[in-house]
Every structure is written in C-alpha cells, then in structure tokens.
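J.: Fold the following and give me the result.
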Amino acid sequence: MKVGIVTSAYDRKREKGGTLQYTRRLVKKLKKKHGDEICLIHPVKSEDSLYEGVEEIIIPAGGKLQFLGIPKLQSAIVEKSIDAMHVLVQNSADLFNFLVLDIPKILTVHDLYLFLDRNPSLDVEFSKLLLQSVKSLVDRFIVPSLSTMKDLRNILNVPETDIRVIPEAPDVSFKPGGNKTRENPYILAHHLHPVGLKAFARLKKGGIPHKLLIFGESYGTEEDAKNMGIREDVEILGYVSKEELIALYNGAEMFIRPIWYEGFGLPPLEAMACGCPVIASNVGSLPEILDDAALLVENEVNQWVEAMTRVIEDDGLRKDLSERSLSQAEKYSWGKTAEKTYQVYREVTEKD
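T.: Numbers count the residues shown, from 1 in each chain. Predicted coordinates for the structure are as follows:
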C-alpha cells in the first residue's frame, strides 16, 4: 500500500496554526512506523525535516490555482503507484486535489467553523461551496471529535458510515516543569470570546492582581480592553514559539477558553498536559474532550466570574484540577492518532 498525503498547506504556513501542527505531528509519526507506505504531495522542494527520508511528489501549481496541477498529479499518482490520497486540511486550495480520479480519497475536517461564521468573507464562501461540491468525491472523512462528526452529518449530510473519529493530541513536549518566567500571577487565554474579557474586567475591578495574557490572533481584544479600562492589564502576545507556550502554560494560574464553537480543543488540552487548571465554554467538542477535568461554564459573564474566582481563591480546587488535567491529557497521543489514521488507509485500500 502507498498513500499520498497532501502537505501543501504546511508548506504555505509552516509552524503557525493548529492544523499545521496536525500535519507535522501526524506525518512524523506515520514516517516512523510506515515511512515506506507514504508519499508526501506538495508544491516546492523543501529542506524541512518533515520531508527527510520519505518519497515526494512535487506539483508546482498551488494556492487558488491548485487545479492547474491536477493533470500532472494524476500522472504522478499512476507513476508512483499511489493507492489512496489523504488531504489533511479543508482549505479551498487543497480541496481541488479531489479532482484526481480512480483512487480512494480521505479528507480530515478539523471543524465546520466556516459554515457557522456569522460574517463570512468571500474566501470563506468559496471554501464552503468547494467543500459542498467535492464531498461526494471523498471516501472517508476523518474528524477529531464526535461533536465535529455530528456537525459534518447535520451540515453537509455526510453519512455517519463514512466518518471516522480520530482525536488529535498535545505534543509530548507539553508537560509540567520548567522555571516560571514571570513573577506576577496571570491568566492565560488563546484568542478570546468577549465574555472572557468582560469577566476579567469585573475581576480586576474586584481587586485581583492578575494580568491576562492572550496568545494567537487578538481579534479586536486590544481595543475592547481599552474601552473597558483594563488595557494595561492585558498583554497581547501574538504568535509564540512552542517553547514559550509551554512556559506560559506552566506559569499560568489558569487557562481560560471562552469560545462560541470548538471542533476539538487543542489549546486547553495542551494546557492540561502541563498541569494547568482549565475553564472552558460548555460548547462544541469541549465537554467531550475535556470531560470533568475542566470547569465547563455557559457563555454568561456571571458564570465566568464565579468560575474564575473559585480557581483563584481555592488552592484545593486548583490542585485538584491540575491533577485531573494531567490524567485527562494522558488519554491522547499522536501514536494513537497515527495508528488509527493508518487503519483508515487500510480500510479504503482493501474495501474492494
């Protein structure tokens, strides 16, 4: 068996973003045990370690012009005796690969956020249209949670028999330990639903000494914090390296995940792997993935204030959440993710 894995999106964005980390971690695990059974399909020859010791197909056409490379890809697939193809992200550019004929095809759908976006851009609308158009060409969908499987079934009418739930995982480097890099207490967040900022503002007025640190895209949080009079207490970190992130998780008094939709929930799971107490919105996949190891609350300011106050004031609760977090994170591993993915490859290539 030989499976072509499309890594074009990884080439475009490298380390940034959860779906790109999915590509890197999954491919590295597959290479370790099944390296002679995979071939990576991407647009430009690269010195990146992801491509060391593995067969490649280079298709120069990329981005929105990906479809121009389909004839060349079709020929390469025949030449390399590729038995199946796996597209790792549902980006519009990569969906054109489903125009390849005569082999089983697999698509990982990380979430259906683009169908729930309240203010979709033209690019999002194009991606939605393309995904709806190619869904009938997909033999198996891989999703990271039962919640996303339900979304896929309800929004795109994909039969449950064509969906395989394979959770993702924190990298093994996310673990407790290391020196604290900050003296003052802080609360950590990734992106931020407005309810989280409002709850923090109320807690600041109540006299807590904490800062709020936010990594990733800020989505207007800086202006909102200024309007609430707490700008000096909010640090917008932007993109941080993995090493910086591990240190931030380890030093945080808690990690908060106020959000209106979630397809899996990797940041709170990474926090848990570092033993950091987690509070999260009771939405999407989060109850399923975090279970009783986190405090799950509705997106209502009073509930967030109450939960955050409990974690700040109750040493025993923080210790209990930390211990439960470590146990919960241990349930997930990239070894399991890779092997379950490999079984899907076997399934689609042997089904006839």
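J.: Contacts for the lowest-mean-pLDDT helix or strand in the chain next, please.
T.: Ranked by mean pLDDT, DSSP states H and E, the weakest helix or strand in the chain is helix 8-13, scoring a mean of 80. With C-beta atoms under 8 Å, 6 or more residues apart in numbering as the test, helix 8-13 has contacts from 19-20, 23-24, 41-44, 46, 48, 50, 62-63, 66, 88-89, 91, 93-94. C-betas here are computed from N, CA, C, even on glycine.
J.: now it, how far from the centre of its chain.
T.: Its chain's average C-alpha position is 15 Å from that of helix 8-13, according to C-alpha atoms, centre = their mean, to the nearest Å.
J.: any low-confidence regions in the stretch 101-250 of the chain?
T.: Applying pLDDT under 70 to the stretch 101-250 of the chain picks out residues 179-180.
J.: can we see that at 90?
T.: For the stretch 101-250 of the chain, residues meeting the criterion pLDDT under 90 lie at 113-128, 130, 177-184, 191-193, 216-222, 239.
J.: All the strands of it, residue numbers only.
T.: 105-108, 140-143, 163-165, 186-190, 211-215, 234-238 (DSSP state E, counting those that start in this stretch).
J.: related to what we said a few turns ago, show the buried residues in the contacts of helix 8-13.
T.: Neighbour counting by 16 or more other C-beta atoms under 10 Å classes 19-20, 23-24, 41-43, 46, 50, 62, 66, 88-89, 91, 93-94 among the contacts of helix 8-13 as buried.
J.: those helices in the stretch 101-250 of the chain, which residues are they?
T.: Here the stretch 101-250 of the chain has its helices, by DSSP state H, counting those that start in this stretch, at 113-116, 122-134, 146-156, 194-205, 221-228, 242-251.
J.: returning to what we had before: next step: the contacts of helix 8-13 restricted to strands.
T.: Here DSSP state E is the test, and the contacts of helix 8-13 give 41-42 as lying in strands.
J.: Keep only those of the contacts of helix 8-13 that are in helices.
T.: 19-20, 23-24, 93-94 (DSSP state H).
J.: Which members of those residues define the maximum pairwise distance?
T.: Spanning the widest gap among those are Arg24 and Ala93, at 18.4 Å by C-beta to C-beta.
J.: which of the ones in helices among the contacts of helix 8-13 lies closest to Ser145?
T.: Thr19 (14.3 Å).
J.: ok, now which ones touch that closest one?
T.: Counting by C-beta under 8 Å, 6+ apart, Thr19 touches 9, 88-89, 110.
J.: one more time with 7 Å, if that's ok
T.: Residues in contact with Thr19 (C-beta atoms under 7 Å, 6 or more residues apart in numbering) are 9, 89, 110.
J.: now Val124: how far from Tyr113?
T.: Val124 is 9 Å from Tyr113, where distance means C-beta to C-beta, to the nearest Å.
J.: Am I right that Phe98 is in contact with Val134?
T.: Yes. Phe98 lies in contact with Val134 (C-beta atoms under 7 Å); the separation is 4.2 Å.
J.: Those two: which has the busier surroundings?
T.: Each of Phe98 and Val134 has its neighbours counted (other C-beta atoms under 10 Å); Phe98 has more, 21 against 18.
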